[in-house]
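> everything below, folded, please.
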Amino acid sequence: MIKYLNMVNVGPSPEMELEFGKRLNLITGDNGLGKSFLLDIAWWALTRRWPAEINTALTAGKKALPNTYEEEAKISFSFTSKTKEERYDSSYLRKEQAWTGRPGRPANPGLVLYAMSDGSFSVWDPHRNYWRTQDGIDIQDRLPAYVFNPGQVWDGLPGKGNTWLCNGLILDWAGWQKERGEPFSHLKEVLEVLSPSERELLAPGELTRISIDESRDIPTIRMPYQQDVPVVHASSGIRRIIALAYLLVWAWEEHKQAAKQLGETATSQIIFLIDEIESHLHPSWQRRIVPALLHVMTKLNAGTNVQLITATHSPLIMTSVEPLFDSEQDAWFDLDFEKRKVVLRRREFEKHGDAATWLISEAFDLKSGRSIEYENLVEEAAALLENPNPLKKEITSMNQKLIQALSPKDDFLFRWRTICNKKGLME
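A predicted model of the protein is given here:
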């Protein structure tokens, strides 16, 4: 697992440092402060390759560059294994336009999955994406990683010449379903774990054809209303989940095959990097996705350790982890913009109970969960209460505005009425 990451003169801040939890890691912060950047750096540290260098069709996952060439840019990171911790230090060489460091493959022994917010995916496998070192120089024997743009997840990842590195979700799913073997069983189990609720379980339907001009058998998802919807016509949220489920099963099945051919054992750990984990997901799904991902590998291989590093904008995600967050193995990192600088902090995780309270926490820094207009109205009402001698007509007018704007169950409306009655301001 990745344990430590430090960046100097690279990214949105002069220096950023993270000491990761061995299980769950949450990254919050406003847009543009570096959440996706931190995930890109973590992927690079784990695999030593930038996603967009491997697949130039990607718009994200580009190589990180120094903030300024006047100072040295460095990236340091470390991994933990069963026996020891290994540390790496890399510097940016301006002339070569490359990050260098200790040669050799990463010490990380597990599978790495990186789900980007635009639907791109990257997979790194210690048995298939390896290389050797000769005379201090890395010799790339195998593909550095499997990097899919959004379309390639579904239609396949081409290799050199007429080869295919991956058949893609549509062909693989259909093939697995026809064979009714272990991969299809695993796919069904993973889809069930990643479902939004017990009443809305994701399950494969019957294969179908969607056009006389489309020769492929298209997988379907059986909806709660008992209709089979072709996966290519599913909603954005369902497509994101089934893509994640497919790539997890595909990566695991291919990893097992490679281990068998090499005479090695299958890995006992997997690292998920997920940008905007809540992307396209309904609130009911947002409350389940993190616990589901932490446990999904048990359906493929019992006893597998999972490390999840995810960026989120969702207060429901933060609420959902309250019952399971353990400060000894989990961490929360928050990015803020202060005094014209980006600041990264590892914050103490405090339970807030509900999504509305998380909105006004350090994670999201809002004054309230109300609309801006109603938030301003509440501030005006609060200021009016602080006036030692407010006019009754002002109180009456504000009371009418509050009744029209706020829910009868709103906490502020209750406090407003209580204070006004105590002060004799309302008839």
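
> switch to C-alpha atoms for all contacts and neighbour counts from now on
OK.

> show me which residues of stretch 220-236 are buried.
Within stretch 220-236, the residues that count as buried by 16 or more other Cα atoms under 10 Å are 220, 221, 222, 223, 228, 229, 230, 231, 234.

> next, the contact list for the residue positioned nearest the centre of the chain, please.
Centroid-nearest residue in the chain, with Cα atoms, centre = their mean: residue 274, separated by 2.4 Å. By Cα atoms under 8 Å, 6 or more residues apart in numbering, the residues touching residue 274 are 39, 114, 115, 116, 117, 308, 309, 310, 311.

> swap in residue 366?
Neighbouring residues of residue 366 by Cα under 8 Å, 6+ apart: 359, 360.

> that one and residue 336: what is the separation?
Counting by Cα to Cα, to the nearest Å, the gap from residue 366 to residue 336 is 13 Å.

> residue 124 too?
Distance from residue 124 to residue 336, counting by Cα to Cα: 31 Å.

> which one's more surrounded, these two?
residue 124 (26 against 20; other Cα atoms under 10 Å).

> pretty sure the more buried one sits against residue 113.
Yes - contact criterion Cα atoms under 8 Å: residue 124 and residue 113 qualify, at 6.7 Å.

> gap between residue 336 and residue 355?
Taking Cα to Cα, one finds residue 336 at 20 Å from residue 355.

> ok, then the element right after the worst-scoring helix or strand of the chain on mean pLDDT?
Least confident helix or strand, the chain: strand 137-139 with a mean of 60, by mean pLDDT, DSSP states H and E. The element immediately downstream of strand 137-139 (helix or strand, assigned by DSSP states H and E) is strand 146-148.

> all helices for this protein, in order.
Remark: helices assigned in the chain by DSSP state H are 35-47, 51-54, 150-155, 169-179, 182-193, 236-262, 283-286, 289-295, 315-320, 355-359, 372-386, 392-405, 411-422.

> please point out which parts of the third one sit buried.
Going back to what we said before, that points to helix 150-155. Neighbour count says helix 150-155 has 150, 152, 153, 154, 155 buried, by 16+ other Cα under 10 Å.

> so can I have a markdown table of those showing distance to residue 316?
Listed next are the buried residues of helix 150-155 as a markdown table, based on distance: Cα to Cα, whole Å:
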| residue | distance to residue 316 |
| --- | --- |
| 150 | 26 |
| 152 | 31 |
| 153 | 28 |
| 154 | 29 |
| 155 | 33 |
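
> and these, which is closest to residue 263?
Closest approach to residue 263 among the buried residues of helix 150-155 (Cα to Cα): residue 153, at 28.9 Å.

> now the closest one. Nearest residue, chain neighbours left out?
Spatial nearest neighbour of residue 153, chain neighbours left out: residue 168 (5.4 Å); criterion: Cα to Cα, 6 or more residues apart in numbering.

> over to residue 265?
Ranked by Cα to Cα, 6+ apart and with sequence neighbours excluded, the top spatial neighbour of residue 265 is residue 259, at 5.7 Å.

> doesn't residue 272 make contact with residue 309?
Yes - using Cα under 8 Å, residue 309 makes contact with residue 272 at a distance of 6.2 Å.

> neighbour count winner among the two?
Set residue 309 next to residue 272 and count neighbours by other Cα under 10 Å: residue 309 wins out with 27 against 21.

> ok, residue 332 - contacts?
25, 26, 27, 28, 346, 347, 348, 349.

> quick one: contacts for the last one?
Counting by Cα under 8 Å, 6+ apart, residue 349 makes contact with 325, 327, 331, 332.

> weed out the non-buried ones from those residues.
Buried among those by 16+ other Cα under 10 Å: 325, 331, 332.

> what's the closest of the residues you listed to residue 19?
For the buried ones among the contacts of residue 349, the residue nearest residue 19 by Cα to Cα is residue 331; the value is 8.2 Å.

> per-residue pLDDT, that closest one?
What the model reports as pLDDT for residue 331 is 97.

> what's the answer for residue 427, then?
Reported pLDDT for residue 427: 67.

> likewise residue 409?
The predicted local confidence for residue 409 is 89.

> what's around it, how many residues?
By other Cα under 10 Å, 8 other residues sit near residue 409.

> go on, residue 4?
19.

> can you tell me how far it is from residue 160?
36 Å.

> same question for residue 273.
In this view, residue 273 and residue 160 are 27 Å apart by Cα to Cα.

> who has more neighbours out of those two?
Taking neighbours as other Cα under 10 Å, residue 273 and residue 160 compare with residue 273 leading, 25 against 7.

> so where's this protein shaky on pLDDT?
Scanning the chain for pLDDT under 70 picks out 81-83, 131-141, 427.

> got the domain ranges for it?
Domain assignment for the chain by automatic domain parsing gives 2-359, 372-422.

> would you mind measuring the gap between the ends of the first one?
Put plainly, it is domain 2-359. 29 Å.

> what of the shortest one?
Between the start and the finish of domain 372-422 there is a gap of 29 Å, counting by Cα to Cα.

> same question, stretch 154-162
18 Å.

> got a list of contacts for it?
148, 164, 165, 166, 167, 168, 169, 170, 171, 243.

> neighbours of the second one, how many?
The burial count assigned to residue 164 is 12, neighbours taken as other Cα under 10 Å.

> distance of it relative to residue 152?
11 Å.
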